[in-house]
Structures are given as C-alpha cells and as structure tokens.
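Engineer: Okay, structure incoming, though there's no sequence with it:
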C-alpha cells in the first residue's frame, strides 16, 4: 500500500454531486482536488486570500484523474494531497481520494505560479517554497 | 392555458444536472432561470457585458420556484421569461419551464438595479426601461 | 432579532460556488438548503438513506430565497433550518443563512412526502412526525 | 495546425461556470467533455438513452486536461472529439476546446464499456464499433 500523502482533507459527498447512476460525476472530483488544495493553502499561508494578498496566485495548467472506484452520496472521503515537484514556476501535486482504505481516484494537478495582478508567470518565491516544503513527498 | 411569456430560451438538460432520482436537481432550475435572463439581456442590450459596460448591473434579491413536474436528462425544455413589473429600482420576472406543453416549473425572480461600479441601488434608467418594455406582460 | 432555528449546519463556501462578482451564485444557496436538510435527516433518521430504506422519501415542491447579503469564497456560514409546518403530506421548512450574526439569505422549502418506490404522495407517517417534532418552531 | 476532430459540439459558457477570476473553473471543462460525448452518442446511437436501452453503457476510467487558455462568460466555444483508440473494452477520446481558432484546452478521456445492468466490463460489440468508426482518427 502506498503511504498517504501528508495533507488530508475529509469531505462528505453531496446529493447533487451524484448522477443518475448514484455515483459522483467525474468532473466533481476535480472540484474535490481544488477543495483539498484550498485547505492546504489555508494551512500553509493562512488562507488562499492571504496568499493572494501577499502577491502570489496560481493557475491550473493540467489536471488528470484515474477512476478506480466510485464515491456515492453521503460517503465521507479523504482527499490527500502531496507536492510531487516544485519547479521554478510550477507545482505538481498528487491527489488521492479514498473511502476508508479503498482508493477511489488518483489524480495529478500542475499549477503555475503567477503574479496576482498581471497573471504573468513568475518563479515561486523562496518564502512560498519554505511554506510548501512540508507537503513535498 | 396561460399564454407563453414573450421571451423563450430552449436548453437541453445535462447529465450532471440530474440527481440519483434521474431528475434535474432543484437548484439547477434557478441556474436555468439565470440562463434565460442572460439571453434576454443579449436580445435587449447586445449582451450582459455590454449592459455592464453601459453602467447597468443587477443583483438578484429574490428567487422562487414551484415544482410541478420533473425534467430529465436529455430533455429539451423551454424557459420562458416575462417582466411582470418594472419598479423604480427593481424588476420582477415570471419564469416558466416547459417540456412541450407540460408546465414543469413556475418561478419568479426579483432583481435590483445597481451601479456597475459601486453596487449601490439606483433607479432603472429610461433607456433600459425602453429596451425592457417588449418583455413586459 | 428572530430566534435561531433549532438545527444548524455550518459549511464553508467553495471557490467554484462564487461567480465573477466574487459572491455565491444564487442557485447554490438552494443546494446549501438541501445540504442542511440532509444533515437534519441524518440527525432525525440516521441518514437520508435509512429514511428511504424505511419507505419514506420526499420531493421538493417549492423553494424560495430572499437575498439580503452575499456570502463570499472561504466564508463559513451557518445554515439553520426549522420546520414551520407539518401538514398531512407536506413539510414546510424555514431556512436562514448567516455569517456570524449577519443574516444573508432567508429561505423556505416545501417538501411532499412520497412513497420511496412509487413516488406517490402519502401522509407523513406517525413515526416520521415524532422524529421531526424537535425541529418544529 | 492539427486538423479538427470529426465531431464538434458548440456551447456557450454560462455565468455560473466562471469563477472570481472571470474564467471557467477547471472542473467544468470535464463537464464540457461529457456534453460533447453525449452529443456524439446522439449522432451515433440516436441518444445515450437508446444506447443504454440497447444494452451498452460506459464508465469513465480516466480524464485529463491541459489548460492553455481560458474561456470566459458568454464565450462560444467548440468542443471537438475524436476517438483515438477503440480497444477491446475501452475507448480513448481526444478532446479540444477552442474559441474560434484559439486552442484553450486539450483533453483526453478513457471510457470502459460495461453491461448496462451489471456494470461489468465487456468487449465493445461489433455494432457499436461500426457506429463509432466515423469518429476515429
């Protein structure tokens, strides 16, 4: 069994996130990934808003998910997130969605660091690197 | 049978708008109402964007729906919109969602006219009144 | 100040629930109402699933919201729910969304009790009435 | 410039699909992919419903997107879909989202063919292969 990533956000599947097959519609998992990242920002920077006020922002460049099982309405799932790579301007995160020990979804996101005003690509500043280091695998 | 409202927007129900009962989740109908209004803005003002650039904006103050039947995945439904009242600062719209002749949802929205910069309430300007007059019942 | 309803569910506003104005899009509040009701079902019946397995189900017949203020991304809001009326076949709930002491949205929902198999309207059974009594105003 | 895939579905970006940055939230692109596939099913099988009634169903096994540009509210975008590979039980689709000539998103989905009743994996039947052949690259 692969070790859990260091950051875990638990959430409960909402009724309207499930489709006529009773399972979470695939696009919603990408929203779950984003929710977990928001909580990681909170832990690392105070909040996403504080991060932006400090001049940082990110845009998503890539998102991938492999679906191995289906979460269902009212399930509690754990969305775990670890930073697989901090490049000069980009951050690659690995995501797993589990219900108990069962791995439901494996995901990966790539975010690019941008200036919060101009949205131009920029190097990840050192203080952000320091704050993100604890989540690196 | 009540006459149709003057403005009609047709849309097709999306898979992920339907819940485990196979029916459109109630909150999505309010998004349908908004879609129809966006199309009315397009017809009356060019687009919502042009309306905002002309200094107008609106915020929703009230929304109501009575559900009489259920739209299902892949159904084409007609969302009709008529302006029931243009007050000094507010606009009341009646909405109906139909599948063919079958009335599925009756709704009502109240929007308040605001300044596009400050979001402060303002009287609906005369040129906006003139553009909206064709949709009044 | 009106007294709080007896049942309160706290949730955090998600990034993708906010529109380009930075505020929760109106339709999502109706999803919040539904979330609070799901938690009330959990407290009263064990879960919505157990309620359905016991033969009960509900369909929403009416939903209304008056918007007084706007929740924003990352806000924590309290969605309170009280049962204003338990009729023969229908249940009327009053909802309030607050951020701290600030009332943002006032809502009302009417649900109709149906058979979990046939979706035919039925009288609210006595055991369900007993379970719901604590939430009545 | 890469040639367009054979199947194209045009849609208009909805207000509530855009985030506080004014851009389509990343998860919604995966819903767009699904919408385009639904329209391909319509063209190939009559509709998704008819496909299911004929005993076919699919579950998504993988979804990926690379974001190169951002669609915005009221944009009309073309979602093109081509079948890159029809394996024994799986179908790989390439997706592109364009605004005019501008490529905004490149995606890929893998679907697995299942029995419409049991959800067990099955070989893609010959008549389905024949119906999907026109969309293969």
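Structural biologist: That came in fine, so what should we check first? The structure displayed is predicted, hence computed values, not measured ones.
Engineer: ok, and for the helix or strand hosting residue A:127, which residues are buried?
Structural biologist: Assigned by DSSP states H and E, residue A:127 falls within helix A:126-132. Within helix A:126-132, the residues that count as buried by 16 or more other C-beta atoms under 10 Å in any protein chain shown are A:128, A:131-132. Where you see a C-beta, it was placed from the backbone N, CA and C, and this is true even at glycine.
Engineer: nearest to chain C, of those?
Structural biologist: residue A:131 (17.7 Å; C-beta to the nearest C-beta).
Engineer: and the residue nearest to that closest one when sequence neighbours are not counted, what does it touch?
Structural biologist: Counting by C-beta to C-beta, 6 or more residues apart in numbering or on different chains, residue A:131 lies nearest to residue A:44, which is 4.4 Å off, once chain neighbours are set aside. By C-beta atoms under 8 Å, 6 or more residues apart in numbering or on different chains, the contact set of residue A:44 is A:131-132, A:134-135.
Engineer: Angles on the backbone of residue A:44, please.
Structural biologist: When read as degrees, to the nearest 10, the backbone of residue A:44 gives phi -90, psi -30.
Engineer: So which bits of chain A are right by chain D?
Structural biologist: Residues of chain A lying near chain D by C-beta under 8 Å from any C-beta of the partner chain: A:25-31, A:34, A:59-67.
Engineer: The same query, at a cut-off of 10 Å, please.
Structural biologist: A:19, A:21, A:23, A:25-34, A:57, A:59-68, A:70, A:106-110, A:112, A:119 (C-beta under 10 Å from any C-beta of the partner chain).
Engineer: mind listing the strands for chain A?
Structural biologist: Taking DSSP state E as the test, the strands found in chain A are A:7-12, A:56-67, A:76-86, A:90-99, A:102-115.
Engineer: sorry, back to before: can you tell me how far the residue nearest to residue A:131 is from residue B:19?
Structural biologist: Distance, residue A:44 to residue B:19, by C-beta to C-beta, to the nearest Å: 36 Å.
Engineer: For the residue in chain A sticking out farthest from the centre, which residues are in contact?
Structural biologist: Distance from the centre of chain A peaks at residue A:20, with 26.3 Å (C-alpha atoms, centre = their mean). Counting by C-beta atoms under 10 Å, 6 or more residues apart in numbering or on different chains, residue A:20 makes contact with B:15-16, B:18-23, B:72-73.
Engineer: Any of those buried? List them.
Structural biologist: The neighbour count (16+ other C-beta under 10 Å) marks B:15-16, B:18-20, B:23, B:72-73 as buried among the contacts of residue A:20.
Engineer: Now go through those residues and say which are in helices.
Structural biologist: With helices taken from DSSP state H, there is no overlap with these.
Engineer: how about those residues in a markdown table, adding pLDDT?
Structural biologist: Below are the buried ones among the contacts of residue A:20 laid out as a markdown table (pLDDT from 0 to 100):
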| residue | pLDDT |
| --- | --- |
| B:15 | 96 |
| B:16 | 96 |
| B:18 | 96 |
| B:19 | 89 |
| B:20 | 79 |
| B:23 | 94 |
| B:72 | 97 |
| B:73 | 96 |
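Engineer: From those residues, pick the one nearest residue C:6.
Structural biologist: The nearest member of these to residue C:6, counting by C-beta to C-beta, is residue B:19 at 27.0 Å.
Engineer: List the contacts of the nearest residue in space to the closest one that is not next to it in sequence.
Structural biologist: Spatial nearest neighbour of residue B:19, excluding adjacent residues (C-beta to C-beta, 6+ apart): residue B:25 at 4.6 Å. Counting by C-beta under 10 Å, 6+ apart, residue B:25 touches A:14-18, B:16-19, B:31, C:27, C:30-31, C:34, C:60.
Engineer: pLDDT wise, what is residue B:25 at?
Structural biologist: Note on residue B:25: pLDDT of 97.
Engineer: how about low-confidence regions in chain A?
Structural biologist: Scanning chain A for pLDDT under 70 picks out A:1-5.
Engineer: which bits of chain A sit near chain C?
Structural biologist: Counting by C-beta under 10 Å from any C-beta, chain A sits next to chain C at A:11-12, A:14-17, A:28, A:30-32, A:34-35, A:37-39, A:41-42, A:47-50, A:72-74.
Engineer: Kindly recompute the last result at 6 Å.
Structural biologist: Contact residues (C-beta under 6 Å from any C-beta of the partner chain) of chain A with chain C: A:16, A:31, A:47, A:74.
Engineer: Report how many residues lie close to the last one.
Structural biologist: I take that to be residue A:74. 17 (other C-beta atoms under 10 Å in any protein chain shown).
Engineer: Could you find the closest non-adjacent residue to residue A:104?
Structural biologist: Nearest to residue A:104 is residue A:69, by C-beta to C-beta, 6+ apart, at 4.2 Å.
Engineer: quick one: the one you found from residue A:96, how far?
Structural biologist: For residue A:69, the distance to residue A:96 - C-beta to C-beta - is 12 Å.
Engineer: who's more crowded, the two?
Structural biologist: More crowded of residue A:69 and residue A:96, by other C-beta under 10 Å: residue A:96, with 21 against 13.
Engineer: dump the residue contacts of the more buried one.
Structural biologist: Contact analysis of residue A:96 by C-beta atoms under 6 Å, 6 or more residues apart in numbering or on different chains lists A:80, A:106.
Engineer: That one pairs with what?
Structural biologist: residue A:80, residue A:106 (DSSP bridges).
Engineer: roughly how far apart are the residue nearest to residue A:104 and chain C?
Structural biologist: Taken as C-beta to the nearest C-beta, to the nearest Å, the spacing of residue A:69 relative to chain C amounts to 18 Å.
Engineer: That residue against residue A:106, yeah?
Structural biologist: No. Residue A:69 is beyond contact range of residue A:106, at 10.6 Å (criterion: C-beta atoms under 6 Å).
Engineer: what residues are shared contacts of those two?
Structural biologist: Between them, residue A:69 and residue A:106 share no contacting residue, judged by C-beta under 6 Å, 6+ apart.
Engineer: Span of stretch A:114-132 from start to end?
Structural biologist: In stretch A:114-132, first residue to last residue: 16 Å (C-alpha to C-alpha, to the nearest Å).
Engineer: Tell me the gap between that stretch and the middle of its chain.
Structural biologist: 17 Å (C-alpha atoms, centre = their mean, to the nearest Å).
Engineer: what does stretch A:24-34 give?
Structural biologist: In terms of C-alpha atoms, centre = their mean, the centre of stretch A:24-34 is found 10 Å from the chain centre.
Engineer: now do stretch A:95-115
Structural biologist: Remark: stretch A:95-115 is offset 5 Å from the chain centroid, using C-alpha atoms, centre = their mean.
Engineer: from what I can see residue A:95 touches residue A:78, true?
Structural biologist: No. Contact between residue A:95 and residue A:78 fails when scored by C-beta under 6 Å: they sit 10.7 Å apart.
Engineer: who has more neighbours, these two?
Structural biologist: residue A:95 (26 against 18).
Engineer: quick one: contacts for residue A:23?
Structural biologist: Here residue A:23 is in contact with A:70, A:72 (C-beta under 6 Å, 6+ apart).
Engineer: what do you get if the cut-off is 7 Å, keeping everything else the same?
Structural biologist: A:70-72 (C-beta atoms under 7 Å, 6 or more residues apart in numbering or on different chains).
Engineer: now do residue A:17
Structural biologist: By C-beta under 7 Å, 6+ apart, the contact set of residue A:17 is A:24-25, A:28.
Engineer: a markdown table for those, including distance to residue C:124?
Structural biologist: Formatted as a markdown table, those follow (distance: C-beta to C-beta, whole Å):
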| residue | distance to residue C:124 |
| --- | --- |
| A:24 | 31 |
| A:25 | 32 |
| A:28 | 32 |
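Engineer: which one of those is nearest chain C?
Structural biologist: residue A:28 (9.9 Å).
Engineer: Check the gap between residue A:6 and chain B for me.
Structural biologist: For residue A:6, the distance to chain B - C-beta to the nearest C-beta - is 32 Å.
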